[in-house]
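In: Here is a sequence with its predicted model. Questions after.
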Amino acid sequence: MTLKLKVPSLNSPEAAQDLKETILTSEPTALVEVDAEAKTVTVESKASEETFKQLITAAGHTIDAIDAA
């Protein structure tokens, strides 16, 4: 499953890198791309959408929209 999340609280490349590392700590097999400029997180994984939503919010970020493909 590929999941694209709009994360408006991504405000710097450092925040993007920290979030990517947080996700990969819990889901090391996931393919994760975090774009601070576009404020998006794209994840390809077998883990559930809820897993990634929880990881992102636990890292202190907010989620606006979800596009699951």
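Out: On my side now, so go ahead.

In: State which helix of the chain is the longest.
Out: Ordering each helix of the chain by length in residues (DSSP state H) puts helix 13-26 first.

In: Okay, buried residues for that one please.
Out: 15-16, 18-20, 22-23 (16 or more other C-beta atoms under 10 Å). Where C-beta positions appear, they are placed from N, C-alpha and C, glycine not excepted.

In: Name the SS class of L55, please.
Out: helix (DSSP: H, G, I helix; E, B strand; the rest coil).

In: before we move on, back to that, and the longest helix of the chain, what does it pack against?
Out: strand 31-35, strand 40-44, helix 49-58 (3 or more C-beta pairs under 8 Å, 6 or more residues apart in numbering; DSSP states H and E).

In: just those: most buried one?
Out: Among these, strand 40-44 has the highest mean neighbour count (mean count of other C-beta atoms under 10 Å), at a mean of 20.

In: pLDDT on the longest helix of the chain, on average?
Out: Helix 13-26 shows a mean pLDDT of 95.

In: start at 51 instead
Out: Sure, I'll start counting at 51 from here, so that last one is helix 63-76.

In: what comes into contact with it?
Out: Contact with helix 63-76 is made by 57, 59-60, 80, 82-86, 91, 93, 101-102, 105-106, 108-109, 111, as judged by C-beta atoms under 8 Å, 6 or more residues apart in numbering.

In: how about 6 Å then?
Out: Residues outside helix 63-76 that contact it (C-beta atoms under 6 Å, 6 or more residues apart in numbering): 60, 82, 84, 86, 105, 109.

In: of all those, which two lie farthest apart?
Out: Between any two of the contacts of helix 63-76, the greatest separation by C-beta to C-beta is 17.0 Å, found for A86 and L105.

In: Now do the lowest-mean-pLDDT helix or strand in the chain: which elements does it pack against?
Out: Lowest on mean pLDDT, DSSP states H and E among the helices and strands of the chain sits strand 115-118, with a mean of 73. For strand 115-118, the packing partners by 3 or more C-beta pairs under 6 Å, 6 or more residues apart in numbering; DSSP states H and E come out as strand 52-56.
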